[in-house]
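Student: sequence and predicted structure are below.
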Amino acid sequence: MTDSSPGQRRLLFGVLQLTALLLVAGCAGVRSMPRAVSPMDRPLSPKAWVRTELYFGGIADAPWIEFLASVVTPRFPAGLTILDAKGQWRGKDGTIHQLPTRILVILHPGTAETDHSLEAIRSEFRARFQHESVLRADSPARVTF
């Protein structure tokens with residue numbers, strides 16, 4: 001800035017002052033927006049619930065419907081959800097398998113009885129259809145009816 005004239009320096013200084021003033025004024029005028037209330041912000045119901053997903057792969061419709069009626073529904077007659085999906089997994093032999101998959105979603109109170117029922121479903125499916133495994137995923141859930 002040694003080459004600039006006093007007028008140019010005053011102009012530059014004024015621009016810097018104005019910029020600083022606008023920045024300070026802008027910060028003072030910013031108000032935080034209220035955060036949307038998430039369902040997870042609500043207090044837990046008296047009993048914590050669990051969402052269990054069981055992943056069943058590679059059986060035709062008729063055997064699945066019979067398995068659902070004879071093994072799953074008697075253990076969870078109050079309700080469940082079935083999602084159709086496409087799955088991929090690596091077998092014990094290292095082979096990649098791509099199979100149509102059914103995801104069974106059950107919301108339950110997480111008792112020893114429900115855990116036993118879920119494990120019985122997995123065991124029966126593996127034995128009946130000669131599958132290596134049935135994936136089980138549990139996560140906390142907040143449920144209202």
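Tutor: Arrived safely.
Student: quick check: which ranges of the chain have low pLDDT?
Tutor: 1-47 (pLDDT under 70).
Student: now the strand of greatest length in it: buried residues?
Tutor: Using DSSP state E, we find that the single longest strand of the chain is strand 96-108. Across strand 96-108, burial judged by 16 or more other Cβ atoms under 10 Å covers 99, 101-104, 106-108. All C-beta atoms are positioned from the backbone trio N, CA, C, and that covers glycine.
Student: tell me, how many neighbours does residue 67 end up with?
Tutor: Neighbourhood size, residue 67 [other Cβ atoms under 10 Å]: 19.
Student: next up, phi/psi of it, please.
Tutor: Phi and psi for residue 67, reported as degrees, to the nearest 10, are phi -60, psi -40.
Student: contact partners for it?
Tutor: 59, 124-125, 128-129 (Cβ atoms under 8 Å, 6 or more residues apart in numbering).
Student: if we can go back for a sec, kindly reformat the buried residues of strand 96-108 as TSV containing distance to residue 91.
Tutor: Listed next are the buried residues of strand 96-108 as TSV, based on distance: Cβ to Cβ, whole Å:
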residue	distance to residue 91
99	11
101	14
102	18
103	19
104	21
106	26
107	30
108	30
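Student: which of those lies closest to residue 118?
Tutor: Distance to residue 118, by Cβ to Cβ, is smallest for residue 106 among those, at 7.2 Å.
Student: hang on, isn't that closest one packed against residue 76?
Tutor: Yes. Between residue 106 and residue 76 there is a contact at 5.5 Å, judged by Cβ atoms under 8 Å.
Student: could you pull out the helices in this structure for me?
Tutor: Using DSSP state H, the helices of the chain run over 6-29, 61-67, 112-129.
Student: coming back round to it: now the buried members of the contacts of residue 67.
Tutor: 59, 124-125.
Student: how does this protein divide up, domain by domain?
Tutor: Here the domain assignment for the chain is 1-31, 41-141, based on automatic domain parsing.
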